[in-house]
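>>> pasting the structure only:
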């Protein structure tokens, strides 16, 4: 650890830790930085020649996590680091010694992760880390999907909407964008399976990708009704707790409504995960064009959401 310069020393006697500082302190203690940096290191360029040496992997990984948690673009995270002392301390930057990595460096690091599809790899590493901490995936899975909105305007350089995004109707409202499909453990509320599609893909078409195969129970909303054979094929020992769906000429009976309410008490746990991703992390709208970049963002968001959901358990264990 380097000694802080006067640029980072504060003389504020009555200063109080902010919610942001407490959040960053918790996440700094629960994220397995060494394991994640080791997964990226083989693909990261090495220092060669007399040019400027590359920024450390862990430092850029911390910058990338700040982008995820606070929904910041590449230029915005650079400006936020100059503006916020708490963010600089989290990343480990002392303005008395060095500048903040510029937006080009931050952008190139993100492109490196996308090019080698490291988002899915980091998500798997986080799952392994949580399993080693005693948070094993149980035999119950909750499946669900949520719409991530995309700009529907054609007032851009191409004068067209993103061709990989599509529109879908939910209730009486039309939405344009993509869908994030997740499989969540019914006991720990941790995500174990992730998939991304355009918004017009029906939830049930992605159901096989959301099951790990060892389930004994599967919960889901009425969008997955009528697909018990898919569950039996991919999870032979699973019992279906998918909610019953009413039809135009066949409303649900009172007994079916009561069973749906009982199933909803478990199925509702998946909404907590979506709350973390879309409200706490602020990812309710896509940031990039195309599914590939947004799928990478989704995998890392789900991995960080797992750490956020499990943070109390991890802090207590530490």
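It's in. The shown structure was predicted, so the numbers you read here are calculated from the model rather than taken from an experiment.

>>> this structure: strands as residue ranges?
Applying DSSP state E to the chain gives strands spanning 140-149, 166-170, 173-185, 191-198, 217-220, 239-242.

>>> which strands or helices does the third one pack on?
Helices and strands touching strand 173-185, by 3 or more C-beta pairs under 8 Å, 6 or more residues apart in numbering; DSSP states H and E, are strand 140-149, strand 166-170, strand 191-198, helix 269-275, helix 291-309. For every residue, glycine as well, the C-beta is placed using N, CA and C.

>>> mind listing what's buried along that strand?
Along strand 173-185, these residues count as buried under the neighbour rule (16 or more other C-beta atoms under 10 Å): 175-185.

>>> that strand pairs with which strands, parallel or anti?
strand 140-149 (antiparallel), strand 166-170 (antiparallel), strand 191-198 (antiparallel) (DSSP bridges).

>>> one more: the fifth one?
Looking at strand 217-220 with DSSP bridges, its partner strands are strand 140-149 (parallel), strand 239-242 (parallel).

>>> go through the ones you listed and pick out the most buried.
strand 140-149 (a mean of 22; mean count of other C-beta atoms under 10 Å).

>>> re earlier: out of the helices and strands packed on strand 173-185, nearest to residue 130?
helix 291-309 (6.2 Å; C-beta to C-beta).

>>> what helices or strands is that closest one leaning on?
Using 3+ C-beta pairs under 8 Å, 6+ apart, helix 291-309 sits against helix 19-30, helix 57-70, helix 103-115, helix 118-132, strand 173-185, strand 191-198, helix 269-275.

>>> rewinding a little: would JSON lines of the helices and strands packed on strand 173-185 with mean pLDDT and distance to residue 31 be doable?
Formatted as JSON lines, the helices and strands packed on strand 173-185 follow (pLDDT from 0 to 100; distance: least, C-beta to C-beta, whole Å):
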{"stretch": "strand 140-149", "mean pLDDT": "95", "distance to residue 31": "23"}
{"stretch": "strand 166-170", "mean pLDDT": "91", "distance to residue 31": "34"}
{"stretch": "strand 191-198", "mean pLDDT": "96", "distance to residue 31": "16"}
{"stretch": "helix 269-275", "mean pLDDT": "95", "distance to residue 31": "18"}
{"stretch": "helix 291-309", "mean pLDDT": "96", "distance to residue 31": "6"}
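
>>> so which of those is nearest residue 72?
By C-beta to C-beta (comparing all of the helices and strands packed on strand 173-185), the closest turns out to be helix 291-309, at 12.1 Å.

>>> quick one: distance of the closest one to the chain centre.
Centroid displacement of helix 291-309 relative to its chain, using C-alpha atoms, centre = their mean, to the nearest Å, is 3 Å.

>>> kindly report the same for stretch 205-215.
That offset, for stretch 205-215, works out to 19 Å (C-alpha atoms, centre = their mean).

>>> again with stretch 123-133
14 Å.

>>> would you mind listing the buried residues in that stretch?
Burial within stretch 123-133, assessed by neighbour count using 16+ other C-beta under 10 Å, is assigned to 123, 125-127, 129-130.
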